[in-house]
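Peer 1: below are the sequence and a predicted model; questions follow.
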Amino acid sequence: RIMRTATGFFLQDRSWTVDLRTAMMPKKKMIALEPTDYLFLAGETRQQPMHVGCLLFYCVKEGEDANEAATSAFARMQSYTQANPPFNYRLARRWLPYWEEDHEFDITNHVRHVQLPHPGDIKELLKLVGVFHGLTMDRSLPLWYVWIISGLPDNRYAVYTQIHHSLLDGVSGARMIARAHSPDPAQRDMPPIWAMPVKGSKRKASNQAKAQGDLETDPFSAAVNLLRSNRNIARTVMQAWKNDRIGLFGSDMFNAPDTILNQRITGARRFVADSFSLSRIKAVGKPLGATVNDMLLTMMGRSLQRYLEDLGQLPKEPLRVLMPVNLREDDSIGGNQIAMVRASLGTDQTDIAGIMAAVKRSVDEQKKLLRKLSKSESQLYSGITLAPWLANATTGKLDRFRTANTLLSNVPGPKETLYWNGEQLDAMYPVSIVMHQNGVNFTVFSYRDNIELGIIGCRTRIPHLQVLLQYMHEALDEIEAASRPAKKQRSAG
């Protein structure tokens, strides 16, 4: 029988007594997961892998061979056989999932070298990245891979990195990539990303140590603390509902229209990417009072409007987009510290000016909302918004809870040219996640004076994905043409 005493729970028989907390405590160190990390693990299926990636291009020096440089980079990377957190974490479970250090880490499971068939081109590379990105990861190992890809034109080679979203969010990934490089082309003996020394804020280290300590000493206490947190969240939700402070229980919370973008998907992926001039986007948006994010959303809205018009499936209602917002208050890396906001893409408007106005109005409303909320309230707002969306995305069967039609992430990156052991980082394109009912995802990194856009979609459900890139460029031309009268009017005044 199970007995409860002041010191804990015990399983007692006539001849023996076992302390359940001691008996069930694992011998290995347990590393706690953030609440958002659980969502990415719970939502993963064969049809929707939950890893993110980045496609990096490296230019080699004139007179050197890119294929030989790729082979040398592969050998150099494989020589770093030890991984630092979070790259040495593998998933384990005892009551709740947690991370543990992999003491049998083998670098050959994670770093691979492939060569495109001759003649290699960017189209073949992007097709290969789509294939890799559609594969699920082995959960018995740390959840990341690095692919060195040779056989490219223009004396370049590529590195495609994959890591599970439960280990890193986009901001963490961008910071790690920047830290793994140097603005000094003469710097050598630089380790790859998984072998870099651990760096993070004291606050982050303290919080992680506390979480690890709680788990190591008492998994029962960790479960009790989780229940208490849920009770506190429920109390906060009821208070928010009662006061209507957040205003998120309105009738328009699930009003994203039904489109070809929103159906059950398969595990097949298509990836396309391109670069845009950051200085041009800023210059075009300035006379319109538009931020870079406003510009990107307007370009995105216009491209999706034309795309759906081509297919004869443009809805009367405007498309809705979900956007993650970084909540980090320090320079830490690892885990997920984001809130999600929802905005209109203005696809019900007839011209680019109308789309821009609708986007700005919607985004401004979300900014006002977030300014009223604390960090914890912002995460709560996201949780309430995302819970039905995630249930819909996971099952693909809750159509009436459609929060958004697509997603956009805008992650700031380094402004200076970077190098890895003397080889110039020429471009970096993000590769994100698609899910049931959200079959296309737009993600941008800023690097130097470029906006690097990566679009990932379900290959079997979303046809002609590359057309979206063309329409994005043409949308920028439209905005630029629309901004010229505004420039003249301002100069005349």
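Peer 2: Alright, I've got the coordinates.
Peer 1: from Ser277, how far out is Ala178?
Peer 2: 21 Å (C-beta to C-beta, to the nearest Å). Placement of C-beta: from N, CA and C, glycine included.
Peer 1: more neighbours: which of the two?
Peer 2: Ranked by neighbour count (other C-beta atoms under 10 Å), Ala178 and Ser277 place Ala178 first, with 19 against 13.
Peer 1: and Leu33, what are its phi and psi?
Peer 2: Main-chain dihedrals, Leu33, degrees, to the nearest 10: phi -100, psi 150.
Peer 1: that one: neighbour count?
Peer 2: 23.
Peer 1: hmm, Ser166 and it touching each other?
Peer 2: Yes: counting by C-beta atoms under 8 Å, Leu33 does reach Ser166; the two are 6.8 Å apart.
Peer 1: any residues in contact with both of these two?
Peer 2: Residues touching both Leu33 and Ser166 by C-beta atoms under 8 Å, 6 or more residues apart in numbering: Leu41.
Peer 1: do you have the helices of the stretch 1-150 of the chain handy? List them.
Peer 2: Taking DSSP state H, counting those that start in this stretch as the test, the helices found in the stretch 1-150 of the chain are 20-23, 35-42, 66-78, 122-133.
Peer 1: using PDB, write down the CA coordinates of the last one.
Peer 2: Spelled out, that is helix 122-133. In PDB, the C-alpha atoms belonging to helix 122-133 read as follows (Å, rounded to 0.1, in the frame of the first residue of the first chain):
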ATOM      1  CA  ILE A 122      21.100  26.400 -56.600                       C
ATOM      2  CA  LYS A 123      17.900  24.700 -57.600                       C
ATOM      3  CA  GLU A 124      19.300  21.300 -56.900                       C
ATOM      4  CA  LEU A 125      20.700  22.500 -53.600                       C
ATOM      5  CA  LEU A 126      17.300  23.900 -52.400                       C
ATOM      6  CA  LYS A 127      15.600  20.700 -53.500                       C
ATOM      7  CA  LEU A 128      18.100  18.700 -51.400                       C
ATOM      8  CA  VAL A 129      17.500  21.000 -48.400                       C
ATOM      9  CA  GLY A 130      13.800  20.400 -48.700                       C
ATOM     10  CA  VAL A 131      14.400  16.700 -48.600                       C
ATOM     11  CA  PHE A 132      16.600  16.900 -45.500                       C
ATOM     12  CA  HIS A 133      14.100  19.200 -43.800                       C
END
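Peer 1: just send the helices of the stretch 1-150 of the chain back as JSON lines, with mean neighbour count too.
Peer 2: As requested, these are exported to JSON lines (neighbours: other C-beta atoms under 10 Å):
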{"stretch": "helix 20-23", "mean neighbour count": "13"}
{"stretch": "helix 35-42", "mean neighbour count": "18"}
{"stretch": "helix 66-78", "mean neighbour count": "18"}
{"stretch": "helix 122-133", "mean neighbour count": "18"}
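Peer 1: how many residues are close by Arg269?
Peer 2: 24.
Peer 1: err, Gln366, not the other one
Peer 2: For Gln366, using other C-beta under 10 Å, the count is 16.
Peer 1: quick one: contacts for it?
Peer 2: Listed by C-beta under 8 Å, 6+ apart, the contact set of Gln366 reads 341-343.
Peer 1: now, those residues that are in strands?
Peer 2: 341-343 (DSSP state E).
Peer 1: redo the residues you listed as CSV? Include distance to Ile193 and pLDDT.
Peer 2: Shown next, in CSV, are the ones in strands among the contacts of Gln366 (distance: C-beta to C-beta, whole Å; pLDDT from 0 to 100):
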residue, distance to Ile193, pLDDT
Val341, 29, 78
Arg342, 32, 82
Ala343, 32, 88
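Peer 1: JSON lines for these, including neighbour count and distance to Ser362?
Peer 2: Listed next are those as JSON lines, based on neighbours: other C-beta atoms under 10 Å; distance: C-beta to C-beta, whole Å:
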{"residue": "Val341", "neighbour count": "20", "distance to Ser362": "9"}
{"residue": "Arg342", "neighbour count": "21", "distance to Ser362": "8"}
{"residue": "Ala343", "neighbour count": "27", "distance to Ser362": "4"}
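Peer 1: the nearest residue to Lys415 once chain neighbours are set aside: what's it in contact with?
Peer 2: Leaving aside its sequence neighbours, Lys415 sits nearest to Arg448 (C-beta to C-beta, 6 or more residues apart in numbering; 6.4 Å). By C-beta under 8 Å, 6+ apart, the residues touching Arg448 are 278, 414-417.
Peer 1: do Arg302 as well
Peer 2: Going by C-beta under 8 Å, 6+ apart, Arg302 touches 352, 355, 471-472, 474-475, 478.
Peer 1: just the buried subset of those, please.
Peer 2: Among those, those classed as buried by 16 or more other C-beta atoms under 10 Å are 352, 355, 471-472, 475, 478.
Peer 1: which stretches in the stretch 51-200 of the chain count as strands?
Peer 2: Along the stretch 51-200 of the chain, the stretches classed as strands by DSSP state E, counting those that start in this stretch are 51-59, 89-94, 96-101, 111-115, 144-150, 156-164.
Peer 1: make a markdown table out of these and add mean neighbour count.
Peer 2: A markdown table is the format used below for the strands of the stretch 51-200 of the chain (neighbours: other C-beta under 10 Å):
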| stretch | mean neighbour count |
| --- | --- |
| strand 51-59 | 24 |
| strand 89-94 | 17 |
| strand 96-101 | 19 |
| strand 111-115 | 16 |
| strand 144-150 | 22 |
| strand 156-164 | 24 |
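Peer 1: want to try TSV for those strands, with distance to His133 as columns?
Peer 2: Listed next are these as TSV, based on distance: least, C-beta to C-beta, whole Å:
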stretch	distance to His133
strand 51-59	6
strand 89-94	20
strand 96-101	23
strand 111-115	14
strand 144-150	10
strand 156-164	7
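Peer 1: which residue is the nearest non-sequential neighbour of the residue positioned nearest the centre of the chain?
Peer 2: In the chain, the residue lying closest to the centroid (C-alpha atoms, centre = their mean) is Gly170, at 4.5 Å. Nearest non-adjacent residue to Gly170, counting by C-beta to C-beta, 6+ apart: Val411, 4.4 Å away.
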